[in-house]
Each structure stands twice: as C-alpha cells, then as structure tokens.
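Undergrad: Provide a 3D model corresponding to the input given below.
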Amino acid sequence: MTAPRLHTAEQVSSALASIDVLAVVRDAFLQRSAGSTLLAPQTSLHWRAPDSAPARSIAMHAYLGAGDPCVGLKLINAAPANVKRGLPRADGLIALFDPLSARIVDLLPAGEISAARTAAVSVLAAQELAVRPAPTLALLGAGTIAAKHLEMLATAGLGIELVRSFDLDPSRTAGLARISSAFALKHRLATSARAAVVDADIVVTATTTTEPYLRFSWLKPGALAINVSLDDLHDEVFTKANAVYVDDLDAIVEDGHRRLGRLCREGAIATEGPARRGHPVIRASLGDLFAGLAPGR
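TA: I've put the predicted structure just below:
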C-alpha cells in the first residue's frame with residue numbers, strides 16, 4: 001500500500017509563493033456560499049500540561065466539491081506557554097484525502113498554510129469593508145499571525161501608511177517594525193492596547209488572551225475590527241457595532257468556547273431578520289458578501 005506523501009515546510013513555502021492565496025481563499029468562500037462545501041463541526045480537546053499551563057488541540061474537516069473535489073483535515077495544536085519555553089506557540093498538520101477512496105494521500109505541516117489562510121480572510125474582508133483610504137493599522141499581538149497579516153495587508157491596496165502595534169512583551173514587536181520598514185510603512189510601538197487602537201482605521205486582534213479587554217469606546221467611528229483571536233472584544237463591541245460579518249455562521253453558533261457564539265445562542269445578537277434597536281443582527285457571511293449576495297459597508 002502506498003504511503004501518504006510527506007511534504008516539508010520548505011516545499012509548502014515554495015508552493016504558497018507560487019499561487020495567489022487571496023484568490024484561492026476567496027474561491028473557497030464562494031464555494032461555501034454556493035453550497036458546494038461540507039464542514040464538519042469543529043472538535044477540540046483542552047487540557048492542562050504537566051506544569052499546569054493550558055494546551056489544546058482543534059480538528060477541522062472540510063470538503064470542497066466544485067471542480068476537482070478536495071477533502072481533508074486540519075489539526076492545530078497550541079500551548080501559549082510555549083513562547084516562554086522557546087517553542088512556537090502553535091503547530092499543526094494537514095491531511096488531504098483521496099475523494100474517491102478516502103485514503104490519506106498527503107501530509108503537510110499546517111503552520112504557514114494556516115497563517116496565510118487566516119490573514120487572507122482578513123485581507124479579503126478589509127478590501128470589502130474597510131473605509132478607503134485606511135491609513136492607520138493597529139495590530140494587537142506580535143506573533144506569526146500578526147506578522148502574516150501585516151505582510152498581506154501592506155500590499156492590499158488599502159492605503160495603509162502607519163502601523164501601531166502592541167504586545168505584552170514589547171521586544172516581540174521588533175519583527176513587525178522590520179516588516180513595516182520593508183514595505184515603507186511607519187511603525188509605532190504603542191504603550192497599551194488602547195493606545196494602539198485609538199484612531200485606527202483597521203484593528204486586528206492576534207493575541208492568545210482568553211479574557212476580553214477591547215472596549216467599543218476605543219474604536220473610532222467607521223473603524224473595522226477584525227476579530228482574529230476571537231476573545232479580545234468585550235460583548236459591547238459586537239452588540240453596538242454597526243454591522244457584524246462572520247466567516248461561517250453555523251461554525252460561530254456551534255462554538256461553545258467563543259464570545260460571539262454565546263451572544264448568538266443567548267439572543268443578544270440575532271442570526272436572521274432585520275436589526276432592531278438594541279438587538280443587532282449578523283449582517284452576512286463573508287462568502288455571501290464576496291458573492292454579492294449580501295450588502296457590504
């Protein structure tokens with residue numbers, strides 16, 4: 001029996017450099033909007049490491065049926081304490097299956113693919129929803145995800161001129177400063193999350209927090225908040241927002257660990273019907289937005 005093909009991180013980097021990541025991710029969202037995909041409910045396992053620090057493993061199955069079918073699994077594990085241990089915070093594996101036989105045919109390291117996909121979703125959303133020009137970008141967190149967002153947002157045609165970043169460990173923002181310089185952007189190290197966010201046109205959260213800290217009053221009118229790390233925003237940011245868009249509504253509502261899913265299940269945010277005063281509604285999924293089936297800003 002033929003063993004799965006094993007791909008190295010170098011091969012993955014080369015492959016990513018040879019494709020239009022934004023176009024690939026956009027196509028996946030369009031397939032989702034058209035009903036050509038299957039997503040299994042996300043499963044997760046959370047535990048305490050021997051040193052009592054938290055750790056988790058998340059498994060995500062997906063099927064894309066348009067054109068040549070593609071089916072597989074992404075497994076992402078993370079331990080926030082790894083940063084202090086001198087290890088990457090997250091690691092992962094992607095397994096691709098033969099659509100006919102269901103045999104595993106390819107195994108790839110997931111880290112760079114996952115970071116590129118995550119940043120691509122944010123860029124595509126910003127291109128549809130950010131006010132143009134958007135001269136100031138705020139990055140909260142300074143790890144791999146934040147760096148990939150900066151690289152991709154810098155060339156997204158959004159008019160970004162200044163990057164303000166904040167991380168609990170200020171030394172980690174040096175990488176963001178280097179990336180900013182490479183794209184001829186100004187970089188400022190903020191003294192707090194609030195100082196980074198105030199007057200920013202686009203705010204990206206890329207932290208490991210499990211507790212909210214970002215207040216609605218910090219955001220300037222018209223700002224686009226991209227909720228990547230999911231637990232940074234207080235409930236009021238969602239309930240007072242002019243509009244809320246999600247990558248996948250079913251996944252949001254079913255997620256028992258995240259703030260927005262809880263707000264939907266409690267009825268604080270509606271998932272359908274018209275918005276009413278004090279009772280906002282999720283305006284659309286990103287797939288329907290990209291397909292022109294739902295209104296943008």
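
Undergrad: neighbouring contacts of the biggest strand by length in the chain?
TA: Secondary structure of the chain read by DSSP state E shows that its longest strand is strand 54-64. Outside of strand 54-64, the residues within contact range by C-beta atoms under 8 Å, 6 or more residues apart in numbering are 28, 31, 36-40, 42-49, 69-81, 99. Backbone N, C-alpha and C define where each C-beta goes, glycine included.

Undergrad: so what strands line up beside the helix or strand just after that strand?
TA: Later in the chain than strand 54-64, the nearest helix or strand by DSSP states H and E is strand 70-78. According to DSSP bridges, strand 70-78 forms sheet pairs with strand 54-64 (antiparallel), strand 90-97 (antiparallel).

Undergrad: for strand 70-78, which positions count as buried?
TA: Residues 70-74, 76-78 are the ones in strand 70-78 that count as buried (16 or more other C-beta atoms under 10 Å).

Undergrad: among these, find me the one that's closest to residue 105.
TA: residue 72 (9.2 Å; C-beta to C-beta).

Undergrad: before we move on, back to that, out of the strands paired with strand 70-78, the one nearest residue 15 is which?
TA: Going by C-beta to C-beta, the one of the strands paired with strand 70-78 nearest residue 15 is strand 90-97, 11.8 Å.

Undergrad: alpha carbons of the closest one, as CSV, please.
TA: Written as CSV, here are the backbone C-alpha positions of strand 90-97 (Å, rounded to 0.1, in the frame of the first residue of the first chain):
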residue,chain,number,x,y,z
ALA,A,90,1.2,26.5,17.7
ASP,A,91,1.9,23.6,15.5
GLY,A,92,-0.3,21.6,13.1
LEU,A,93,-0.8,19.1,10.4
ILE,A,94,-2.9,19.0,7.3
ALA,A,95,-4.0,15.6,5.9
LEU,A,96,-5.5,15.5,2.3
PHE,A,97,-7.7,12.6,1.3
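
Undergrad: so what's the nearest residue to residue 215 once chain neighbours are set aside scoring on pLDDT?
TA: Distances taken as C-beta to C-beta, 6 or more residues apart in numbering place residue 234 nearest to residue 215, at 5.7 Å, with adjacent residues excluded. Listed pLDDT for residue 234 reads 96.

Undergrad: over to residue 279?
TA: pLDDT, residue 279: 65.

Undergrad: wait, is residue 47 part of a helix?
TA: No. Secondary structure of residue 47 (DSSP: H, G, I helix; E, B strand; the rest coil): strand, not part of a helix.

Undergrad: pLDDT score assigned to it?
TA: 96.

Undergrad: with residue 185 instead?
TA: What the model reports as pLDDT for residue 185 is 98.

Undergrad: could you report the neighbour count for residue 215?
TA: 15 (other C-beta atoms under 10 Å).

Undergrad: before we move on, back to that, tell me who's in contact with the residue nearest to residue 215.
TA: By C-beta under 8 Å, 6+ apart, the contact list for residue 234 reads 212-216.

Undergrad: for those residues, which one is nearest residue 244?
TA: Distance ranking of the contacts of residue 234 against residue 244, using C-beta to C-beta, places residue 216 first at 12.5 Å.

Undergrad: so how far is residue 197 from the closest one?
TA: Distance of residue 216 to residue 197, computed by C-beta to C-beta, to the nearest Å: 11 Å.

Undergrad: so where's the chain uncertain?
TA: Within the chain, the stretches with pLDDT under 70 are 1, 274-279.

Undergrad: for it, what spans make up the strands?
TA: Listed in chain order, the strands of the chain (DSSP E) span 5-6, 37-39, 43-48, 54-64, 70-78, 90-97, 104-109, 136-140, 162-166, 186-189, 202-205, 224-226, 244-246, 282-285.

Undergrad: of all those, which lies closest to residue 265?
TA: Counting by C-beta to C-beta, residue 265 lies closest to strand 282-285 out of the strands of the chain; the figure is 12.6 Å.

Undergrad: same for that closest one, what does it pack against?
TA: strand 244-246, helix 249-254 (3 or more C-beta pairs under 8 Å, 6 or more residues apart in numbering; DSSP states H and E).

Undergrad: okay, those in CSV with mean neighbour count next?
TA: Below are the helices and strands packed on strand 282-285 laid out as CSV (neighbours: other C-beta atoms under 10 Å):
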stretch, mean neighbour count
strand 244-246, 21
helix 249-254, 16
